[in-house]
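**Q** Take a look and give me a structure for this.
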Amino acid sequence: MKIDLNLFVVFDAIYCEGNITKAASVLNLSQPAVSHSLGKLRNHFDDPLFIRQGNEMRPTPVAKNVIDDVREALHQLQVCLVQSRQFEPLTSRKSFSLSLHGSLEPYYLPILQEHLSVESPAIHLNSNKRVNRSELENKLASGDIDLAIDALLPVSSNICHTQLQRDQLVVVARKDHPALSTTLDLDTYLKLDHVLVSSRSTGPGLEDFELSRMGYHRKIALRCQQALSACKVILNNDMLLTLPKTAAQMYSEMLDIATHPMPVDLPEIGIHLYWHVNVDKEPANKWLRNKMILAASNAVKSTKD
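**A** Model prediction:
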């Protein structure tokens, strides 16, 4: 049987005040409204609950029997409401699920985790939930992922996003590449084989889409999901790899590879943070978003330095 929880607030007030008029004053309700609520409670419990004795309303045995449970339930509800508006990162044991594009994860995740380890040691991050871009909105809506980082994507008004940084594409190759002893030109770029990093099994990459708009096409000899794997592949052959500059610089510090400017002007890439409108004001999600934005800012500064 359904019952309005507000009735128990009235029940507790009458029990405390021992008087309907005083209970109405405490609750900022009219006396008839309180009497009406008491009538509903009496029907629900099939008991008078309070018996008038002079100017007081004395609780019946049934009322005395349930008051502790009612107060505990109201207290837990109040705690729940307060916690829904607050978030204590230092003590929280909350888990967050992130979706980061493969080339972005090693760039953002270490700095983000460095912040969280100090400020929120019990929080758990899960960055294993890579989702297809076509599924991004559904995954955010269902709560399967809390945040996503990717290039600028067409999304509905249900998805909020903010730009973390702007990046540009560069070409990566092994340092002793025989065709790149001088400046990389467009003919050489189009002639050589390429590795494409993509989470999808088919379809063009962002750079291929932009090149095709200019009437150019390149040969994709290998398609893989991880940028690090792609970088290791080109160490032993003459294939080229096109990556965002920040990712390319990071991998060039780890491997014997060199970066080269794109031989043609392509638009910059906007890297965006995505979340669902349902959690836009949710304290925990908002806190993590701010940490991600700070981590991105620090990452950009370290790259420039």
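**Q** I'd assumed Asp150 was in contact with His101.
**A** Yes - assessed by CB atoms under 8 Å, His101 is found in contact with Asp150 at 5.0 Å. C-beta: built from backbone N, CA, C; applies to glycine.
**Q** elements contacting the helix or strand encompassing Ile14?
**A** For Ile14, the host element (DSSP states H and E) is helix 6-17. Packing partners of helix 6-17 (3 or more CB pairs under 8 Å, 6 or more residues apart in numbering; DSSP states H and E): helix 20-27, helix 31-45, helix 61-85.
**Q** Out of those, which is the most enclosed?
**A** A comparison of the helices and strands packed on helix 6-17 by mean neighbour count, using mean count of other CB atoms under 10 Å, puts helix 20-27 on top with a mean of 18.
**Q** pull the CA atoms of that helix into PDB?
**A** Only the C-alpha atoms of helix 20-27 are listed here, as PDB (Å, rounded to 0.1, in the frame of the first residue of the first chain):
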ATOM      1  CA  ILE A  20      -2.400  19.500  16.700                       C
ATOM      2  CA  THR A  21      -2.300  23.300  16.700                       C
ATOM      3  CA  LYS A  22       1.300  23.400  17.900                       C
ATOM      4  CA  ALA A  23       2.300  20.700  15.300                       C
ATOM      5  CA  ALA A  24       0.700  22.800  12.600                       C
ATOM      6  CA  SER A  25       2.700  25.900  13.700                       C
ATOM      7  CA  VAL A  26       6.000  23.900  13.700                       C
ATOM      8  CA  LEU A  27       5.200  22.500  10.200                       C
END
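**Q** Quick check: which helices or strands does that helix pack against?
**A** helix 6-17, helix 31-45.
**Q** Can you say which of the ones you listed is nearest to Leu255?
**A** helix 6-17 (64.4 Å; CB to CB).
**Q** now the angle from the closest one to helix 31-45?
**A** Per axes from the mean of the first three to the mean of the last three CA atoms, to 10 degrees, the angle that helix 6-17 makes with helix 31-45 is 110 degrees.
**Q** any residues touching helix 6-17, and which ones?
**A** The contact list for helix 6-17 (CB atoms under 8 Å, 6 or more residues apart in numbering) reads 20, 23, 26-27, 29, 34, 37-38, 40-41, 44, 49-50, 57, 59, 63, 67, 70-71, 73-74.
**Q** Let's see that with 10 Å instead.
**A** Residues from elsewhere that reach helix 6-17 (CB atoms under 10 Å, 6 or more residues apart in numbering): 4, 19-20, 22-27, 29, 33-41, 44-45, 49-50, 56-57, 59, 63-64, 66-67, 69-71, 73-74, 77.
**Q** just stretch 47-62 next, same as before
**A** 11, 14-15, 17-23, 38, 41-42, 45-46, 63-67.
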